[in-house]
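**Student:** 3D model of this:
(2 chains)
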Amino acid sequence: MSAAAADPLNAGSSSLSRYQPVFLVFGCTILGAAAQILMKTGANQIPHAGLAAMVTSLPLMAGYSLYGLSTLLLVLALRDGELSLLYPVIALTYVWVTFLSYWIFHDKLNPSRLLGVALIVVGVAILGKQSRR
Amino acid sequence: MNTPFSSMALVLVASFIGSFGAVFLKSGAARLRNGFWNILNTHLAAGVLLFLLSSYFFVRGIRHGELSVLYPMVSLGSVWTLFWSRLFFGEPFTRSKFFGLFLILAGVFFVGLGSK
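**Tutor:** From the prediction side, this is the model:
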């Protein structure tokens, strides 16, 4: 009881919490994808990669911060979940980056990319199903 | 376009270093069970440093060459991690782990193929 109160992440025994580490990695990949988009945006704005230009670039710094946050989520997931199940799930980042770069940078979506995205999603679903406690 | 051997070597090194980063994150994460502020521990710090080092090799590696070759090689880190997880944490090999991982590697290959 007191342990649950001290640790809100583990409170509750809904079906959601049984999948919880996978959902944390899920959040980790969304943040990681957003970080990559921000860093790409920042890199496009900086003509020459000087240190001063880098540390004053808002998108770059926001990107690094999101990377930090996404690592934190990964650590929280690894506290309770199996590494061999959770680590491959990070490939979901490719899925979000594919759609985000279509939406933001108007990169082309082609059959190959869509097939790849679909395979990754099925693979992650298989791992997610097994991680259920 | 061909993929230079140096790019493949850099990306393979990145995947290898990254897989050890994951091992250190996992062993450091276990200490969080005794309270959140155990997050400041040497294993987690080592894991983050290894991830940073790995991304340095990754960024250098994907500058030249085909992403359909290089992206799956990054994801090979998951294959190394599968072995380290069994070796260091006693996590079992299962058919769904191999199958899920195979689909993800194939998926990453096709994403890379479409990202020229």
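**Student:** Is A:H48 part of a helix or strand, or is it coil?
**Tutor:** coil (DSSP: H, G, I helix; E, B strand; the rest coil).
**Student:** B:Y71 versus B:S115, what's the distance?
**Tutor:** 8 Å (CB to CB, to the nearest Å). Placement of C-beta: from N, CA and C, glycine included.
**Student:** Name the residue in those two with the higher neighbour count.
**Tutor:** Ranked by neighbour count (other CB atoms under 10 Å in any protein chain shown), B:S115 and B:Y71 place B:Y71 first, with 23 against 20.
**Student:** Who are the contact partners of that one?
**Tutor:** Neighbour list for B:Y71: A:Y94, B:V108, B:F109, B:V111, B:G112, B:S115 [criterion: CB atoms under 8 Å, 6 or more residues apart in numbering or on different chains].
**Student:** In which helix or strand does it reside?
**Tutor:** If you go by DSSP states H and E, B:Y71 is part of helix B:67-89.
**Student:** Mind giving me the packing neighbours of the next helix or strand after that helix?
**Tutor:** Next helix or strand after helix B:67-89 toward the C-terminus (DSSP H and E): helix B:95-113. With contacts defined as 3 or more CB pairs under 8 Å, 6 or more residues apart in numbering or on different chains; DSSP states H and E, the packing partners of helix B:95-113 are helix A:92-104, helix A:111-130, helix B:67-89.
**Student:** any weak-confidence spans in chain A?
**Tutor:** Along chain A, the model assigns pLDDT under 70 to residues A:1-19, A:47, A:49, A:132-133.
**Student:** Close to chain B: what parts of it are there?
**Tutor:** In this structure, chain A approaches chain B at residues A:71-72, A:74-79, A:82-85, A:87-88, A:90-91, A:94, A:98, A:108, A:110-127, A:129-130, judged by CB under 8 Å from any CB of the partner chain.
**Student:** Kindly give a single PyMOL line that selects the buried subset of those.
**Tutor:** A single PyMOL command suffices to select whichever of the residues of chain A next to chain B are buried according to 16 or more other CB atoms under 10 Å in any protein chain shown:
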select buried, chain A and resi 71+72+74+75+76+77+78+79+82+83+84+85+87+88+90+91+94+98+112+113+115+116+117+119+120+121+123+124+126+127+130
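**Student:** Give me the neighbour count for A:A43.
**Tutor:** Neighbour number of A:A43 under other CB under 10 Å is 14.
**Student:** One more: B:S85?
**Tutor:** Neighbours of B:S85 (other CB under 10 Å): 24.
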